[in-house]
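A.B. asks: what follows is a predicted structure for the sequence shown.
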Amino acid sequence: GENVEQHPSTLSVQEGDSAVIKCTYSDSASNYFPWYKQELGKRPQLIIDIRSNVGEKKDQRIAVTLNKTAKHFSLHITETQPEDSAVYFCAASRGNDMRFGAGTRLTVKP
Amino acid sequence: NAGVMQNPRHLVRRRGQEARLRCSPMKGHSHVYWYRQLPEEGLKFMVYLQKENIIDESGMPKERFSAEFPKEGPSILRIQQVVRGDSAAYFCASSERTQQVSSYNEQFFGPGTRLTVL
């Protein structure tokens, strides 16, 4: 089955700096790669996703890149703000079968 | 659209009791997934169900845990004879039916049930 690894497990940045979170996956047939943000005590919520036929996608301050050959994808957050502090999860899926990375706890210091 | 609903939101059980967690998927969704999240940890896949079928239960502990998604009503995650190590947040997610493996479907999460075993 699919195995997703995520790094780093914790990340601390100054407000205004950029943050990058990286994930690798094992199943070359995976074709959908969502990123979820989970604030303390709340449910995970989708913030951006990328399909396997696209190499990069951007939505305001967040962007995701996908390298299918190397089987890795990354989340980039620019101009970080304190409200970006949360746990971020990457995932990889094929059809309805989705697996999550272990999560990255991002702290943005004001 | 009310979104994915889970109840109860908080559940306290004593060791040896049974815990029943319920999940109602979003309207039109026929796939349900259960995840367990231990404090300060990630989302661990437990089971994936369609109506009246268990598709993948590779993440379910072999004993004490069971799940169902009947033709009518919510999906149920059942934990028998709970132990302290079962204390966690249990999240349910739902998605639409995918026609092909080459398609992809976003999963929408419920608010979770926080189980505390005393």
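C.D. replies: In hand now; what should we look at? Keep in mind it's a predicted model, so treat the numbers as computed, not measured.
A.B. asks: from here on, contacts and neighbour counts on C-alpha atoms
C.D. replies: Fine.
A.B. asks: in chain A, which helix or strand is least confident?
C.D. replies: strand A:97-100 (a mean of 86; mean pLDDT, DSSP states H and E).
A.B. asks: tell me what the longest strand seen in chain A is packed against?
C.D. replies: If you go by DSSP state E, chain A has its longest strand at strand A:86-94. Here strand A:86-94 touches strand A:4-7, strand A:32-38, strand A:97-100, strand A:104-109, going by 3 or more C-alpha pairs under 8 Å, 6 or more residues apart in numbering or on different chains; DSSP states H and E.
A.B. asks: pipe those strands into CSV and attach distance to residue B:78 and mean neighbour count per row.
C.D. replies: CSV is the format used below for those (distance: least, C-alpha to C-alpha, whole Å; neighbours: other C-alpha atoms under 10 Å in any protein chain shown):
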stretch, distance to residue B:78, mean neighbour count
strand A:4-7, 27, 20
strand A:32-38, 25, 22
strand A:97-100, 22, 22
strand A:104-109, 30, 20
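A.B. asks: would you single out the least confident of the ones you listed?
C.D. replies: Mean pLDDT is lowest for strand A:97-100 among these, at a mean of 86.
A.B. asks: run a quick neighbour tally on the nearest residue to residue A:38 once chain neighbours are set aside.
C.D. replies: Nearest residue to residue A:38, sequence neighbours excluded (C-alpha to C-alpha, 6 or more residues apart in numbering or on different chains): residue A:44, at 4.3 Å. If you count neighbours by other C-alpha atoms under 10 Å in any protein chain shown, residue A:44 ends up with 24.
A.B. asks: returning to that earlier point: strand A:104-109 and the longest strand of chain A, what's the angle between them?
C.D. replies: Computed by axes from the mean of the first three to the mean of the last three C-alpha atoms, to 10 degrees, the angle separating strand A:86-94 from strand A:104-109 equals 150 degrees.
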